[in-house]
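Participant: Fold the following for me, if possible:
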Amino acid sequence: MTTHIDAIIFDLDGVITDTAEYHYLAWKKLGEEIGIPFDREFNETLKGVSRMDSLERILEHGGRQNDFTHEQKEALASKKNDHYVQLIQTITEKDVLPGVENFLKQIKETGIKIAMASASKNALFVTEKLGLMTYFDHIVDAATVVRSKPDPEVFLKAVKAVNAAPANCIGVEDAAAGVCAINDADMFAVGIGDRSVLGHARMVLQSTKELNLETILNEYAKKD
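Facilitator: Got it, this is the predicted structure:
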């Protein structure tokens, strides 16, 4: 059994803070502007998906996938981001999910590297607003990632940025696509949320309140 860990890599939305509601409201506003209404149930299918891929899903949902040029789609995605950025101006340190900062402190004290692998192009801005920048050794800018989750690219970039080996890393996610990305990156996946959705993770916690380094390391030690 081994408990050697190089790094712990976090998703942002739903793990560090919950900006899902802001994303939903921003997409919903854009949808209304182009005549594609959708509900919260459909919005769940956008969880952990990149901005352009989310837009494609929305256009397909409304039967309008062939109505826009690539340039027009870029402009729509940018408009959605403008709506989102306006909404997240109000984020503060109070929006850090329960148990998260304590968990980050535990990791930092051990010398294990901490990185972020988020689908959000606003990850740096949000992390700064949350007052957590000092904990992270690296944050992957989603603008530099070609393939979105479930592709493992964003996690592998984060791992490489902190000079870690994927097999010695733990990934923390709340989306099924994110867990798939962690698994395909040959990392140990910790899922936060519903076990029926995240059952392919090596360990599933009901909420961020359960994040505890010793507990996770004990489970990680059983992996071999």
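Participant: pLDDT of the lengthiest helix in the chain, averaged?
Facilitator: Taking DSSP state H as the criterion, the chain has its longest helix at helix 70-87. Helix 70-87 comes out with an average pLDDT of 95.
Participant: and what of stretch 24-44?
Facilitator: Stretch 24-44 comes out at a mean pLDDT of 94.
Participant: Also stretch 144-162?
Facilitator: 94.
Participant: Which residues does that stretch contact?
Facilitator: With contact meaning CB atoms under 8 Å, 6 or more residues apart in numbering, stretch 144-162 is reached by 6-7, 9, 48-50, 52-53, 113, 115-119, 137-138, 140, 142, 165-166, 169, 171, 175-178, 180-182, 184-185, 187. C-beta here means a position set from N, CA and C on the backbone, and glycine is covered the same way.
Participant: H70 and V159: what is the separation?
Facilitator: 31 Å (CB to CB, to the nearest Å).
Participant: With neighbour numbers in mind, choose between those two.
Facilitator: More crowded of H70 and V159, by other CB atoms under 10 Å: V159, with 28 against 8.
Participant: L87 is in contact with V126, correct?
Facilitator: No. Using CB atoms under 8 Å, V126 and L87 do not qualify as a contacting pair, with a distance of 11.2 Å.
Participant: Which one's more surrounded, the two?
Facilitator: More neighbours surround V126 than the other of V126 and L87, with 23 against 17 (other CB under 10 Å).
Participant: Please tell me how far the more buried one sits from I114.
Facilitator: 16 Å.
Participant: One more: D67?
Facilitator: From D67 to I114 the distance is 43 Å (CB to CB).
Participant: quick one: which of the two has more around it?
Facilitator: Counted by other CB under 10 Å, D67 and I114 do not tie: I114 has more neighbours, with 20 against 12.
Participant: what's in contact with the strand or helix carrying that one?
Facilitator: Assigned by DSSP states H and E, I114 belongs to strand 113-117. Residues from elsewhere that reach strand 113-117 (CB under 8 Å, 6+ apart): 6-12, 16, 104, 107-108, 123, 127, 135-140, 154-155, 157-159, 161-164, 171, 181.
Participant: Out of the residues you listed, list just those in helices.
Facilitator: 104, 107-108, 123, 127, 154-155, 157-159, 161, 181.
Participant: Got a PyMOL select line for the buried ones in these?
Facilitator: A single PyMOL command selects the buried members of these (16 or more other CB atoms under 10 Å):
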select buried, resi 104+107+123+127+154+155+157+158+159+161+181
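Participant: Closest one to T208 out of the ones in helices among the contacts of strand 113-117, please.
Facilitator: For the ones in helices among the contacts of strand 113-117, the closest approach to T208 (CB to CB) belongs to L104, at 10.9 Å.
Participant: do you know how far the closest residue to the closest one other than its chain neighbours is from I107?
Facilitator: Among residues not flanking L104 along the chain, Y135 sits closest, at 4.3 Å (CB to CB, 6 or more residues apart in numbering). For Y135, the distance to I107 equals 8 Å [CB to CB].
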